[in-house]
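Novice: I would like to see how this sequence folds:
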Amino acid sequence: MIAREQIHAVLDHPVYDAEGKKVGDAKHIFVDDATGLPEWVTVKTGMFGTSESFVPIKDAALVDDHLEVPYPKSTIKDAPNVDVDAGGHLSESEEHRLFEHYGIAWDDAWQRANEPGEGGWAHGETGTAAGTGTAAGMGTGTATGPMGTSEGYMAGDTAGRARGTDDDAMTRSEEQMHVGVERTEAGRVRLRKYVVTEEVQQTIPVSHEEVRIEREPITDANRDEALSGPEITEAEHEVILHEERPVVETRTVPVERVSLKADEVTEEQTVSGEVRKEEIEVEGLEDPDDPDARGRRY
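Specialist: Numbering: from 1, shown residues only. Below is the predicted model of the structure:
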C-alpha cells in the first residue's frame, strides 16, 4: 500500500510489472475521496509515452526509486482506455471496467464501502458517497456522487488546482513533452553455412619417357659383343615407355571461424508531438493608458 505522503515519490518515476519489466513512468495518482489513500496510478506507455493506462496501486510497493505493481506488462497495456483529463475523476462505468479488467470484484468493494458503522466509509457525517475517482494533488477532494464520480485536485507535472477558491489569482498550466526511448526487437540475423562448388586450376610438373635412337660404331672394345649373334637375321626389340599423370585428391581443412557480434550505434532522430497549454484572456477591462488591454491573452 502506498501512503499519501509517498505520492510525490511515485510521480514521474518508473513503474515495473510483476516480472521486473519496466512498463513506463507514473504520471497521475487517483485517491479514495473518503480515506485519501491512493487507489489508482496512471502509467505512460507506448513508444513515446503517448498512452496512459490505469493500474491498481493497493498492492503496489515503492522499491528504491521505482514502483512495483503485481500485474504483467501486457495486462497493464491492455487496460480499458480512460480519459485522464476528463475532470480529474473516474465515472462509475469507467471504474467498473477497470475493476473487471484487473479481476477485482466490484460488488465486494462496494459492499465493504457500505458496511454499517465505522467500517463503511461511504456513510460519512456529510452524507457524501466516496470512491476512488479523484486524482491526487496538493489537497483532498470532495465526493459528489457514487463510487468513482468524485471531484478533487489533478496531479501531474504541475500543482493541483482547487475548484471554487476565493483567490483572485489564476494558475496557468501547460503540457510539456517528455521524450524517452523503448528497446524493441528490430530484426534478427543468423549465420547459415552451405556448400558451393567452384573450379580450381593449379599447374604442376609431369614427366614422360620418349624414344631416342643411339648409334654406336664398332670398335675393338665392342666387336666381340657385336659379332656374337648370327651374321644376317631379322629381329625386334621392344621398349616400354612411362609417363606421369596428375592425380586429384581433396582434403577438408579448417580455414577460419565466423561469428556474429552486435555493435550499438547511436544516431539522432527528431520526434514531434502536440502539447496543450492554457491561455488567460482579460475581459471587461478598460485601461485608458492601454487600449489593447481588453481581450489580451497571457
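
Novice: Mind naming the longest helix for the protein?
Specialist: helix 92-101 (DSSP state H).

Novice: buried sites along that one?
Specialist: 92, 94-99, 101 (16 or more other CB atoms under 10 Å). For glycine as for every other residue, the C-beta is placed from the backbone atoms N, C-alpha and C.

Novice: what's the first-to-last distance across stretch 54-63?
Specialist: By CA to CA, to the nearest Å, the extent of stretch 54-63 from end to end equals 20 Å.

Novice: And residue 10, its phi and psi?
Specialist: Residue 10 has phi and psi values of phi -100, psi -40 when expressed as degrees, to the nearest 10.

Novice: how near is it to residue 277?
Specialist: 25 Å (CB to CB, to the nearest Å).

Novice: between these two, who's got more neighbours?
Specialist: The neighbour comparison of residue 10 against residue 277 (other CB atoms under 10 Å) goes to residue 10, with 24 against 9.

Novice: before we move on, which element is residue 41 in?
Specialist: strand 38-45 (DSSP states H and E).

Novice: ok and that strand relative to helix 92-101, angle-wise?
Specialist: Between strand 38-45 and helix 92-101, the angle comes out at 80 degrees (axes from the mean of the first three to the mean of the last three CA atoms, to 10 degrees).

Novice: Please tell me how far strand 38-45 is from the chain's geometric centre.
Specialist: From the chain centre to the centre of strand 38-45 is a distance of 19 Å (CA atoms, centre = their mean, to the nearest Å).

Novice: next helix or strand past it?
Specialist: Strand 38-45 is succeeded, C-terminally, by strand 51-56 (DSSP H and E).

Novice: For the helix or strand following that following strand, give me every contacting residue.
Specialist: Counting by DSSP H and E, the next helix or strand C-terminal to strand 51-56 is strand 61-63. Strand 61-63 has contacts (CB atoms under 8 Å, 6 or more residues apart in numbering) with 2, 6, 9-10, 67-68.
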